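# Sequence first, then the predicted structure:
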Amino acid sequence: MPNYNGVWSLSTQYQYAADWSADNISPAAAAAAVRGVFEGGNNDSGNLDVIEYITMGSTGNATDFGNLIAAASYVFNGQCASTTRGIFAGGSAGGANQDVIEYITIANTGNATDFGNLVAASLGGASVSSATRGVFIGGYTSGYVNTIQYITIANTGNTTDFGDVVAASYANSGFCSSTRGVNVGNQTSGGVTNRIDYITIASTGNSTDFGDLTVARVHGGALGNSTRGLMGGGSLSSGISNVIDYVTIASAGNATDFGNLAETKASNSGVSSPTRGVFGGGENASAKLNVMEYVTIASTGNSTDFGDLSGVRRFLGGTSNGHGGIA
């Protein structure tokens, strides 16, 4: 905001008007400018190191951003970012689980940079974050993981123990408000579940039961704003779902039906702004997908076509600089 002293004449006020308008961007304009970033995954040829982005307020195909340090799939699926920095952790590369954490500066383009390491190499866990802290929930190493670990996004370094999940699980997804992180859909030793549990991001401790999804499933795309969290699609015990569920993050309870994805799919990922959520990639019963589709988070209804990723891919990661964990 300009800092001009004294009494202004009318002509001076007009002269400085442009300076003031640049500092008074409406919330709607700010939401429209949010970037969603998709990274990694695999296609019919193997794992990918691709990072690409979309502008949430428009529609259209994804644009190249850069590359991961190593091509990886089964990356942590969820919203893990601050307003400036996006974080990607774990996954599978070269036939082995990874403990690598990487970061990008979302407003720029370029290749990912090393951040640090997870406590143990793992894949398929959920991620949530506030504007300052990123939290990784569950996953799979040589078995199902019940650990929760966290980082401070503005720093670099290895993760620190946070607590434990209600039950050891992987193939889960995450969304968040600025205070609460929610873990949805879990594969446990007993099979696919409808479980939802949550943590308070700023503290440490074990997760707490939240409620249940309308349909038990895993590997769904998760996204949300500061009020609502959505999960779209996913793998059932047998088959694939097109269901979109939502919860009110501040309240505990069972999920409510939101609508349906245009494409029945699993292994997709979600990115969001304060107003819009986009589900990208994944696979249906016969093929991997490059489609992106969007919903208006505050309403309910079926998804609408957004555009396409640069190529088909599943088990990709997604984050944004305007998700629900950023106040």
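Perfect, I can see it now. Numbering: from 1, shown residues only.

# Help me confirm that Asp114 is found in a strand?
Yes: secondary structure of Asp114 (DSSP: H, G, I helix; E, B strand; the rest coil): part of a strand.

# right, and it touches Gln98 too?
No: using CB atoms under 8 Å as the test, Asp114 is too far from Gln98 to be in contact (11.9 Å). (Glycine included, C-beta is placed from N, CA and C.)

# which stretches of the stretch 201-327 of the chain form strands?
208-212, 221-224, 228-235, 240-248, 256-260, 269-272, 276-280, 291-296, 304-308, 317-320 (DSSP state E, counting those that start in this stretch).

# Single out the most deeply packed of those.
Most buried of those by mean neighbour count (mean count of other CB atoms under 10 Å) is strand 269-272; its value is a mean of 33.

# Measure how far that strand is from the centre of its chain, please.
Computed by CA atoms, centre = their mean, to the nearest Å, the chain-centroid distance of strand 269-272 equals 5 Å.

# next one: stretch 182-201
For stretch 182-201, the distance from its own C-alpha centre to the chain's C-alpha centre is 16 Å (CA atoms, centre = their mean).

# buried stuff in that stretch?
Going by neighbour count (16 or more other CB atoms under 10 Å), the buried part of stretch 182-201 is 182-188, 192-199, 201.

# what's the answer for stretch 100-109, then?
100-104, 106.

# Now pLDDT, secondary structure and distance to Gly46 too, for those, in TSV please.
TSV is the format used below for the buried residues of stretch 100-109 (pLDDT from 0 to 100; DSSP: H, G, I helix; E, B strand; the rest coil; distance: CB to CB, whole Å):
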residue	pLDDT	secondary structure	distance to Gly46
Val100	93	strand	18
Ile101	94	strand	22
Glu102	95	strand	19
Tyr103	96	strand	24
Ile104	97	strand	22
Ile106	97	coil	26
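
# Would you point out the most distant pair within the residues you listed?
Comparing all pairs in the buried residues of stretch 100-109 by CB to CB, the longest separation belongs to Val100 and Ile106, at 18.9 Å.

# for the protein, what are the low-confidence residue spans?
Within the chain, the ranges that satisfy pLDDT under 70 run 1-24, 76-78.

# And the helices in it?
With DSSP state H as the definition, the chain shows helices at residue ranges 10-23, 27-32.

# Show me the two of the buried residues of stretch 182-201 that sit farthest apart.
Farthest apart among the buried residues of stretch 182-201 - using CB to CB - are Val192 and Ile201, which lie 26.2 Å from each other.

# thinking again about what came up before, so if I had to pick from Asp114 and Gln98, which one is more boxed in?
Using other CB atoms under 10 Å, the more surrounded residue of Asp114 and Gln98 is Gln98, with 22 against 11.

# what's the spacing between the more buried one and Ala266?
Distance, Gln98 to Ala266, by CB to CB, to the nearest Å: 22 Å.

# Then Ile87?
Relative to Ala266, and taking CB to CB, Ile87 is found at 24 Å.

# Could you do Ser238 as well?
12 Å.

# Which one's more surrounded, those two?
Counted by other CB under 10 Å, Ser238 and Ala266 do not tie: Ala266 has more neighbours, with 26 against 6.

# contacting residues for the more buried one?
217-220, 233-235, 240-241, 282-283, 314 (CB atoms under 8 Å, 6 or more residues apart in numbering).

# at 7 Å instead, please
Shown in contact with Ala266 (CB atoms under 7 Å, 6 or more residues apart in numbering): 219-220, 233-235, 240, 282-283.

# what two of these have the greatest distance between them?
Checking these with CB to CB, the most distant pair is Gly220 and Glu283, at 12.2 Å.
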